[in-house]
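**Q** what would the 3D arrangement of this be:
(2 chains)
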Amino acid sequence: MDRNIKDFVFSFVLAALGVYFAIEGFSIYKRVAGPPFKIEKLSLSPGFLPFILGILLVFFSVLLFFSTMKGEKDFGAAFVERWKVVGKWFADASRNKDYYFTIGAVVIMFIYSYLLLSVLPFWAASLIFLVGIFLYLKAGVWWKSIIVAVAAVVLTVVIFKYCFNAALP
Amino acid sequence: MAFQYISAAFATVFQPMNLLVICLSTLAGLVMGMLPGLSATMAIALLTGLTYNFPTQTAIIALLSIYVGAISGGCQSAILLNIPGTPASAATALDGHPMAKKGRGGLAIFLATTASFIGTFLSVIFVMTLTPVLTKLALKFTSWEFFLLSIFGILICGTITSTESQVKGWISGILGLMVAMIGLDSVNTIPRFSYGNVNMMSGIQLIPVMIGLFGFPEIIKAFKLNNDEQVIPSSKFEAKEGFRLVGRNIISIVRSAAIGVGVGIIPGVGEDTAGWLSYWATKSLSPEEEKKTFGSGNPRGVISVEAGNNACIGGAIIPVLSLAVPGSAPAAVLLAAFYMHGYRPGPLLMTESPSFLYNVCIYIAIASFCMWLLALVLSKGTVRILGIPKKYLMPIIYTLCVIGSYLINYNMFDVKVMFVFGIFGTLLTSLHFPAAPFLLGVILGPMCDSNLRRALNLSNGSLSPLVQRPICIFFLVLIVVMILAQLGVFKKLMGKKA
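**A** Model prediction:
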């Protein structure tokens, strides 16, 4: 996708985040204005800086948005045209095998970080992860992948557990 | 008297056992600094426990050596893999990695380690000679100045790291500051953005964010179906060329060292800010034609960052010794280690243990020389990392990222945080938003927030001291001028006048 279009879309996301932060900052102030804290001034409340940051983010998002629309004579038509390009990009991306391949690898990393490490000791989880991802990425022949994975896990455990005396997950 | 203390320090450091300790600790620091996720703070923290039973001077030598080694070691992974080993070397990757991509990785490492050595050495001279003057200056900073300093640091970082629009850099910094708002606030301990999650109440840890932001996108890059960039070409270099480049940039090194010391002496602002500021100063003072080459493999970029961040070691130690206030996160751990080994840093240190300042200076100087030698020997091996296929290397690096995130608190939550910020870092990279201001926002966020809250509490919520204090006015003018200049307001005004 064109960099300008990416910035165009992201400026909306950032503005929304800014609005959320400003509202949340203000609601923190409202919460602490009552008992037991009784902080009655916004500038003294812990919500002050988040509130300011939210407003600043909205301001800079608007600047980013206008920088993407620079040079457009028909503002409305350009606005609609950009959303059409975004839609087309999503349609193209859904047919791109490279995206699916990368997403598959990220899913393996997610399974390792969130699931395997929670239920297995580090060495077992890492061994399964490394062998699995090497095979998925077609990094080399299967026996070479297993040897590299075993060597990496053994070396990591020896260095961290025995040399640095660190407790592994 | 000072000469006697210096001679005694040399006599101590050249004892065979201490020499061995200095070599091993510096080497351990280099390795830990090199491995993504293992920071200088963690290195000192791990070694503090191990040195508990050491003789006091040997323990101090070990701790200072690992500090010097870890700050310097971070540059190697930044150059070879574009993953800064420590936050201090984040700016090194800007020009170091493009140099490695061009087959000049060996030269980049030589320049970085040599600049690190000179930077550290110069900082030692600063520590010994300028301690009283610099301490007086740092004492003038109050909460307002610290607040503005953190804002200024983030804005500068956003300005210098954006390749296209500075607004993107500033947005990135604001997002980092927002992340720093997560957790209990520092004054009233009121939870903010933690959604009832106990882990989030304690705030988002810096190291997992750093690993995710910088490590994850590089790992993901290796996972493409048709990845043409499997192997980055390895490199050889002529030492003569390296020394010539160092000699030609000696002014940049001295300037960066001075910046590093200056930044280091200000409590809370660490090696990473020193690196970025040094880089910014060198870039700003370069000729217009050369400015364009920064970010695409300019050796001067690598040299200035490394001289600056290493000089910060000396600078960060000055407030530790004189005020018992750490100048950076590793210095904070070092302060705790000094206490553990029976020293009481603070205003009375020079009365109670007058030799300690000179001991520290000599130990750092010798450790930096040792680091230079070891890093050059070690770089021959680390350059080989470039030859390993990325589809093998990157998943292994990911397991190290997991360990690095986990070791901070021995908590799996930090591993999950690393993954989330990894995805976020990948998004930022693909949208051409610089990740460094985001990281600096996370680093300086607590300092920015706590100082603003403290200052506002003292002024009963009034912002008027901002325009009443001379240093505040100086920072405010600097911030406003920088924003207006980057938005092209001055150019437009000049155009209208013309």
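
**Q** tally of neighbours for residue 76?
**A** In the absence of a named chain, chain A is used. Around A:G76 there are 8 other residues, counting by other Cβ atoms under 10 Å in any protein chain shown. In this view, the C-beta of every residue, glycine as well, is placed from N, C-alpha and C.

**Q** oops, wrong one, chain B.
**A** For B:Q76, using other Cβ under 10 Å, the count is 30.

**Q** how about A:N4?
**A** 13.

**Q** could you report the separation of it from B:V209?
**A** 29 Å (Cβ to Cβ, to the nearest Å).

**Q** same check, this time on B:I44
**A** From B:I44 to B:V209 the distance is 20 Å (Cβ to Cβ).

**Q** the more surrounded of these two?
**A** In this view B:I44 and B:V209 are compared by other Cβ under 10 Å, and B:V209 has more residues nearby, 29 against 26.

**Q** hey, which helix is longest across chain A?
**A** Under DSSP state H, the helix in chain A containing the largest number of residues is helix A:3-33.

**Q** buried set for that helix?
**A** A:5-11, A:14-15, A:17-18, A:21-22, A:24-26, A:28-29, A:32-33 (16 or more other Cβ atoms under 10 Å in any protein chain shown).

**Q** show me what from the stretch 151-300 of chain B comes close to chain A.
**A** Applying Cβ under 8 Å from any Cβ of the partner chain, we find that the stretch 151-300 of chain B lies next to chain A at B:164-165, B:167-168, B:170-171, B:174-175, B:177-178, B:181, B:185, B:187-188, B:190, B:192-193, B:219-220, B:222-226.

**Q** swap the cut-off to 6 Å and go again
**A** B:167, B:170-171, B:174, B:177-178, B:181, B:185, B:188, B:190, B:192, B:223-225 (Cβ under 6 Å from any Cβ of the partner chain).

**Q** need the pLDDT of residue 121.
**A** Picked chain A for this. Note for A:P121: predicted pLDDT of 92.

**Q** that was the other one, I meant chain B.
**A** 90.

**Q** pretty sure it belongs to a helix, no?
**A** Yes: B:F121: assigned to a helix according to DSSP: H, G, I helix; E, B strand; the rest coil.

**Q** for chain A, what helix or strand is lowest in average pLDDT?
**A** helix A:75-93 (a mean of 77; mean pLDDT, DSSP states H and E).

**Q** is chain B contacted by the helix or strand just after it?
**A** Where DSSP states H and E defines the elements, the next helix or strand beyond helix A:75-93 is helix A:97-110. Yes: using Cβ under 6 Å from any Cβ, helix A:97-110 reaches chain B at A:98, A:101-102, A:105.

**Q** where in the stretch 51-200 of chain B is pLDDT low?
**A** Applying pLDDT under 70 to the stretch 51-200 of chain B flags the ranges B:52-53, B:130-139, B:160-161, B:163.

**Q** still on that earlier bit, out of the residues of helix A:97-110 next to chain B, who's the most crowded?
**A** Among the residues of helix A:97-110 next to chain B, the one with the most neighbours (other Cβ under 10 Å) is A:A105, at 21 neighbours.

**Q** dump the residue contacts of that residue.
**A** Contacts for A:A105 (Cβ atoms under 6 Å, 6 or more residues apart in numbering or on different chains) come out as B:F223.

**Q** how confident was the prediction at it?
**A** 91.

**Q** and it, how far from A:A149?
**A** Separation of A:A105 from A:A149 (Cβ to Cβ) stands at 15 Å.

**Q** which bits of chain A sit near chain B?
**A** A:6, A:10, A:21, A:28, A:32, A:41, A:43-44, A:46, A:49-50, A:53, A:56-57, A:60, A:63-64, A:98, A:101-102, A:105, A:113, A:126, A:130, A:133, A:137, A:139, A:148, A:152, A:164, A:166-167, A:169.

**Q** give me the neighbour count for B:A436.
**A** Neighbour tally, B:A436, other Cβ under 10 Å: 28.

**Q** would you check that it makes contact with B:A90?
**A** Yes: with contact defined as Cβ atoms under 6 Å, B:A436 and B:A90 form a contacting pair (5.3 Å).

**Q** can you count the residues close to B:T399?
**A** Neighbour count of B:T399, defined by other Cβ under 10 Å: 21.

**Q** this completes my enquiry, with thanks.
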